[in-house]
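[1] Below is the sequence, then the predicted model.
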Amino acid sequence: MKRCITQNSVLSFKSDSFDEFFGENTSEVVVSSLPDVSQGVLRCGGFDLQEGQTLTRDSFSLMTFVPAGDFSGMSS
């Protein structure tokens, strides 16, 4: 899933972001990989996500990507 943000901004996700990427009415996703911490952290409800963690549709809108410092570039 690709999203663009301005430098020093937090990226917030929405349920429809996952529907666009995985298909309509996505009910859950499993975190299979995380960005390198030098790029930033993926969080849900204020907590850092872990590889293998399952997220339900209700938590999609609580997800954020918080870039590290002045990180600029692509992250996945």
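    Sure, I can see it. Numbering: from 1, shown residues only.
[2] any idea whether the residue lying closest to residue 25 once chain neighbours are set aside is helix, strand or coil?
    Nearest non-adjacent residue to residue 25, counting by Cβ to Cβ, 6 or more residues apart in numbering: residue 19, 6.4 Å away. No exception for glycine: its C-beta is placed from N, CA and C like everyone else's. Assigned by DSSP: H, G, I helix; E, B strand; the rest coil, the conformation of residue 19 is helix.
[3] Pull up the pairing partners for the helix or strand harbouring residue 55, direction included.
    For residue 55, the host element (DSSP states H and E) is strand 54-56. Using DSSP bridges, strand 54-56 pairs in its sheet with strand 28-30 (antiparallel).
[4] how far is the strand it pairs with from where the chain is centred?
    Counting by Cα atoms, centre = their mean, to the nearest Å, strand 28-30 is centred 12 Å from the centre of its parent chain.
[5] Per-residue pLDDT of the closest residue to residue 33 other than its chain neighbours, please?
    Counting by Cβ to Cβ, 6+ apart, residue 51 is the residue found nearest to residue 33 once chain neighbours are left out, at 6.4 Å. If you check residue 51, the pLDDT there is 95.
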